[in-house]
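Give me the fold of what follows.
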Amino acid sequence: MKQNISLQQLIDEIDFTIKQCKNISPILHEVGNLAKNEAELSFEKETSPFGDKWTPLSKQTLKHKKGSKILTESSMLQSSINSRTKMQKSKGGAKGSASGIVSIGTNLEYAPIHQFGGKAGKNLKANIPARPFLPFKDGDIPNDLKEDIKEAILNHFKLGR
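Numbering: from 1, shown residues only. The predicted structure is shown next:
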């Protein structure tokens, strides 16, 4: 069923959409929060954001830990995850449109060894398996995060209607 709208309603809709395109900061912040939440879920589930189970702790590691949860002894790694947004001047695209970047990560120096795995410890004798917690892999993000981002973007344009 077709819905008739007045010319003024159409103009208002177009004007609203243009204003929303110029102010994408709320979308970027929401995307950052969604990505951060996805990373935090990895610690709770002990899986990568893509659903791959983390390698269990070795018997040697379990001897020195207070509990059996992986990467949560002090919660420092999990609580250090943050997201940042940066607005940029648009290159190309519609005049007056905006673009930006969302970054997610941690500043802890030992985070990469847990994200990607590798040799660590005295004389690099310990082999640390990768236990990815940040929601990216090979230039991709998990499908559920993609869907959440799409929904956030659509909701941004539905506000006020």
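
Please report the distance of the closest residue to residue 54 other than its chain neighbours from residue 52.
In this structure, residue 54 finds its nearest non-sequential neighbour in residue 131, 4.2 Å apart by C-beta to C-beta, 6 or more residues apart in numbering. To be clear about C-beta, it is placed using only N, CA and C from the backbone, and glycine gets the same treatment. As judged by C-beta to C-beta, to the nearest Å, residue 131 and residue 52 stand 9 Å apart.

more neighbours, those two?
residue 131 (23 against 13; other C-beta atoms under 10 Å).

per-residue confidence for the more buried one?
Residue 131 carries a pLDDT value of 97.

longest helix of this structure?
Assignment by DSSP state H gives helix 25-45 as the longest helix of the chain.

Nearest the geometric middle of the chain, what residue?
residue 35 (1.8 Å; C-alpha atoms, centre = their mean).

that older thread, what helix or strand does the residue nearest to residue 54 sit in?
Assigned by DSSP states H and E, residue 131 belongs to no helix or strand.

On the strand side of things, show who residue 53 bridges to.
Judged by DSSP bridges, the bridge partners of residue 53 are residue 47.

thinking it is in contact with residue 47, fair?
Yes. Assessed by C-beta atoms under 8 Å, residue 53 is found in contact with residue 47 at 5.3 Å.
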